[in-house]
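following is a predicted model, sequence given first.
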Amino acid sequence: MTSRSTPAPDSPRASESPRPLRRLTARGRGEAHRTATPLELFFDLCFVVAIAQAGVQLVHAVAEGHAGEGILDYAMVFFAIWWAWMNFTWFASAYDNDDALYRVVTLVQIAGVLVLAAGVSRAFEEHEFLTVWLGYVIMRVALVTQWLRAARSSEGPERTMALRYVVGVLLCQIGWAGLVVLPEDGRPWVFLVMAILEMCVPPYAEKDHPTSWHPRHIAERYGLFTIIVLGETIAAATVAVKTGIDENDALGELLPIAAGGLLIIFAAWWIYFVVPIHGHLRSNQQAFLWGYGHYLVFASAAAIGAGLEVAVEQAVGKAHISTLAASAAVTLPTALYLLTVWALHSRYFKVGIAQQLVLPTTALLVICCTFLGEWAVLAAGLVSAGAVATGTTLTARMTSRENRQAAQAPVS
């Protein structure tokens with residue numbers, strides 16, 4: 001992990017004066033040495049608070065036997081968290097000038113996500129979204145401020161693009177008020193409609209002039225957030241195991257869950273970072289599909305941690321669900337993670353049917369592990385680790401074969 005506090009010597013920003021207020025102009029897509037800033041890393045860490053709250057509430061819902069309702073609430077709340085992070089990340093990749101006003105507005109966005117996090121429990125338990133909506137208002141008003149600054153510093157198609165973002169974000173924010181004022185039965189439909197409209201804003205705004213996001217920077221930002229989510233998963237699972245051992249002296253029951261969960265998370269990290277995805281992000285169409293697909297990557301990664309907590313609570317008799325349901329709480333998000341990472345990342349770098357089938361086959365085997373009772377999580381971990389070993393072996397063999405063929409090729 002790298003970060004920068006000042007631009008690299010060959011960066012276009014290096015020659016700018018360190019004035020507290022500067023024009024918010026677009027950065028170059030080919031800018032060298034572009035990495036995540038300390039402010040961006042701080043922004044990500046603050047989002048973990050909201051993710052942790054969503055995970056805790058998902059655990060409670062599943063453990064109490066309300067999995068369907070809990071998953072729906074989790075999907076809605078996690079979308080709000082993820083989309084706010086997405087909006088900031090892509091804007092910052094194109095326009096971050098790191099002046100005083102940019103920093104202050106970003107800190108306001110952080111305050112908004114903390115307000116959102118404070119309302120997560122009420123959203124789950126009482127289906128009351130007022131606090132979540134207020135947090136979202138704070139974040140989106142700050143985002144609109146950034147886009148207005150960009151519009152003021154630009155002209156022509158770029159200015160039109162920035163103003164389209166302003167109008168789109170504001171109209172969507174008004175639409176989200178339906179979660180507060182409409183009857184409870186209609187809120188899932190409001191969420192579905194508004195989520196679709198939100199995701200239509202960037203393609204519409206950038207149809208004539210794409211933002212100058214940086215492929216390497218975007219890939220790094222997504223990778224760092226994946227690490228943070230996986231780290232939160234490890235932390236949540238560790239606390240659950242520790243609590244189970246301290247309160248119930250159930251080391252024998254919890255050891256397979258702990259070992260299997262650790263293998264799953266290690267494999268999840270390995271599989272995500274095994275390929276350099278930035279080379280695939282060449283156009284807005286590719287980038288939008290890849291970026292939007294990460295909703296499932298992040299949500300499933302966080303849900304793995306919640307599932308491990310549920311498995312621990314079931315093993316010590318605190319969860320009112322069957323072993324099968326507790327096992328599924330781990331294996332299903334793991335399988336979803338594997339399939340999504342394969343669809344977004346791995347399939348573009350795999351050569352031959354054997355390499356292409358590793359992750360889809362692993363996802364199917366992980367689902368089959370659901371039916372192995374108290375050994376389900378450990379089995380899923382071993383299968384996930386086996387996928388890493390198999391993929392590494394196949395890649396090594398292919399590389400060795402290519403090296404031999406290159407050495408035997410006649411020199412012209």
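Perfect, thanks for sending it. Note that the coordinates shown come from a computational prediction; the quantities given were computed from them, not determined experimentally. Numbers count the residues shown, from 1 in each chain.

pull out the buried residues from stretch 177-186.
177, 178, 179 (16 or more other C-beta atoms under 10 Å). (Each C-beta comes from the backbone N, C-alpha and C, glycine too.)

those in helices, which ones?
178, 179 (DSSP state H).

least confident of the buried residues of stretch 177-186?
Of all the buried residues of stretch 177-186, residue 179 carries the smallest pLDDT score, 85.

that residue and residue 131 touch, don't they?
No: the criterion here is C-beta atoms under 8 Å, and residue 179 misses it with residue 131 at 11.2 Å.

so what's residue 166 closest to, chain neighbours aside?
Once flanking residues are discounted, residue 166 sits nearest to residue 147: 4.8 Å by C-beta to C-beta, 6 or more residues apart in numbering.

right, and residue 201 touches residue 170 too?
No: here residue 201 does not reach residue 170: they are 10.3 Å apart, not a contact under C-beta under 8 Å.

just to revisit the earlier point, want to throw the buried residues of stretch 177-186 into a markdown table with distance to residue 90?
Below are the buried residues of stretch 177-186 laid out as a markdown table (distance: C-beta to C-beta, whole Å):
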| residue | distance to residue 90 |
| --- | --- |
| 177 | 25 |
| 178 | 25 |
| 179 | 24 |
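
between the buried residues of stretch 177-186, which sits nearest residue 83?
residue 179 (13.6 Å; C-beta to C-beta).

and the helices in the protein, which stretches?
38-63, 67-95, 100-118, 120-125, 130-152, 156-176, 178-181, 187-205, 215-248, 251-273, 284-315, 323-344, 352-368, 376-408.

which other helices and strands contact the shortest one?
Spelled out, it's helix 178-181. Using 3 or more C-beta pairs under 8 Å, 6 or more residues apart in numbering; DSSP states H and E as the contact definition, the elements that helix 178-181 packs against are helix 130-152, helix 187-205.

contacts for it?
Contact with helix 178-181 is made by 129, 130, 132, 133, 186, 187, 190, 191, 194, as judged by C-beta atoms under 8 Å, 6 or more residues apart in numbering.

report the contact partners of the last one.
Right, the one you point to is residue 194. 172, 175, 176, 178.

buried ones among these?
Applying 16+ other C-beta under 10 Å to the contacts of residue 194 flags 172, 176, 178 as buried.

closest one of these to residue 286?
Distances from residue 286 to the buried ones among the contacts of residue 194, taken by C-beta to C-beta, are shortest for residue 172, at 24.0 Å.

then stretch 349-362 to PDB, C-alphas only?
Output in PDB follows, covering the C-alpha atoms of stretch 349-362 (Å, rounded to 0.1, in the frame of the first residue of the first chain):
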ATOM      1  CA  PHE A 349      -6.600 -13.200 -17.600                       C
ATOM      2  CA  LYS A 350      -7.300 -17.000 -17.800                       C
ATOM      3  CA  VAL A 351      -6.000 -19.100 -20.700                       C
ATOM      4  CA  GLY A 352      -7.700 -22.300 -21.500                       C
ATOM      5  CA  ILE A 353     -10.800 -24.000 -20.200                       C
ATOM      6  CA  ALA A 354      -9.000 -25.500 -17.100                       C
ATOM      7  CA  GLN A 355      -8.000 -22.000 -15.800                       C
ATOM      8  CA  GLN A 356     -11.400 -20.600 -16.600                       C
ATOM      9  CA  LEU A 357     -13.300 -23.300 -14.700                       C
ATOM     10  CA  VAL A 358     -11.300 -23.000 -11.400                       C
ATOM     11  CA  LEU A 359     -13.400 -20.300  -9.700                       C
ATOM     12  CA  PRO A 360     -16.800 -21.300 -11.000                       C
ATOM     13  CA  THR A 361     -16.100 -24.900  -9.900                       C
ATOM     14  CA  THR A 362     -14.900 -23.700  -6.600                       C
END
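
find the centremost residue of the protein, please.
residue 298 (3.1 Å; C-alpha atoms, centre = their mean).

which stretches of this structure have low pLDDT?
For the chain, the stretches flagged by pLDDT under 70 are 1-18, 250, 278-279, 402, 405-407, 409-412.

can you list the buried ones among the contacts of residue 194 in a markdown table and add distance to residue 356?
Below are these laid out as a markdown table (distance: C-beta to C-beta, whole Å):
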| residue | distance to residue 356 |
| --- | --- |
| 172 | 38 |
| 176 | 40 |
| 178 | 43 |
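
for the residues you listed, which one is nearest residue 221?
residue 172 (22.5 Å).

pretty sure the closest one sits against residue 196.
No: between residue 172 and residue 196 there is no contact under C-beta under 8 Å: 10.3 Å.

residues contacting the closest residue in space to residue 168 that isn't next to it in sequence?
If the residues on either side of it in the chain are set aside, residue 168 comes closest to residue 201, at 3.7 Å by C-beta to C-beta, 6+ apart. Shown in contact with residue 201 (C-beta under 8 Å, 6+ apart): 164, 165, 168, 169, 172.

so which of the residues you listed wins on neighbours?
residue 165 (25 neighbours; other C-beta atoms under 10 Å).

surely that residue and residue 203 touch.
No: using C-beta under 8 Å, residue 165 is not in contact with residue 203, being 11.5 Å away.
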